[in-house]
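Engineer: Here is the input, now give the coordinates:
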Amino acid sequence: MTKLSVNINKIATLRNSRGGNVPNLLKVAQDLEDFGAQGITIHPRPDERHIRYQDAYDLKKIVQTEYNIEGNPIKEFMDLVLAIQPTQVTLVPDAVNAITSNAGWNTIKHQSFLQEVLAELKQNGIRTSVFIDTDLKLIEAAKKAGADRIELYTEHFAYQFGEGNKEAVKPYTEAAVYANEIGLGINAGHDLSLENIQFFKENIPYLAEVSIGHALITESLYLGLENVVNMYLHRLGH
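Structural biologist: The predicted model follows:
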């Protein structure tokens, strides 16, 4: 069964836009779990423009499902996740000034660096995932580096699906099959939505988890947060 982890960065962005604590990030996280979400994801960035580092500590105290922290493993990020010890850390190679994640890791070029980082996380009992494109050689290198899972970067699929090109899912299917063969778990995220999630799920074997934030929160403006969470769960086969 594919788990739904909800990225709450956008809730933090809304809160920060006015100062204060409305909406209350911790309450939203608890409500999402009550509505059926099986994980909470955050992606703190160095400028804390949405999720603040303190949020990461505060969420650790209240998240009852899986807690996934994404980010580039700079020193500040590593200090954070090693102190918190979430369920999973997803390594993302985003630049400091990136608006959103826009590429997967070159796991061949950064093999030794990732090996060191992944080993440290695993020594602390943290499940590891590497944000990655569908190139099978890069997926193989992620396994060699010591990753537990990969997170398939799905922006290309989502864009092509929106243009009517359902064939765009094929590289993701092949990547998932190969990853499973070599012993990697499969996560996915970026631009997945109510429009494309069921088709994606039906075509990606062994899909353990999807992480969805921007689309889910946007859809909730029209349809309501509880309703949208359950719509995703239904499309994921729950």
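Engineer: Would you mind listing the residues in contact with the most centrally placed residue in the chain?
Structural biologist: In the chain, the centroid-proximal residue (C-alpha atoms, centre = their mean) is S211; its distance is 4.1 Å. S211 makes contact with 5-7, 39, 41, 68, 70, 90, 151, 187-189 under the criterion C-beta atoms under 8 Å, 6 or more residues apart in numbering. Yep, even glycine has a C-beta here, placed from its N, CA and C like the rest.
Engineer: Okay, and the beta partners of it?
Structural biologist: Beta-bridge pairing for S211 (DSSP bridges): S5, G189.
Engineer: what's the neighbour count on the nearest residue to Q38 once chain neighbours are set aside?
Structural biologist: Distances taken as C-beta to C-beta, 6 or more residues apart in numbering place K3 nearest to Q38, at 4.0 Å, with adjacent residues excluded. Neighbours of K3 under the rule other C-beta atoms under 10 Å: 19.
Engineer: still on that earlier bit, tell me the one among the contacts of S211 nearest to A168.
Structural biologist: A188 (13.5 Å; C-beta to C-beta).
Engineer: Neighbours of the closest one, how many?
Structural biologist: Residues lying near A188 (other C-beta under 10 Å) number 25.
Engineer: how far away is it from N9?
Structural biologist: From A188 over to N9 the distance is 17 Å, taken as C-beta to C-beta, to the nearest Å.
Engineer: do I186 as well
Structural biologist: 22 Å.
Engineer: Can you pick out the residue with more neighbours from these two?
Structural biologist: Between I186 and N9, I186 has the larger neighbour count (other C-beta under 10 Å), namely 25 against 22.
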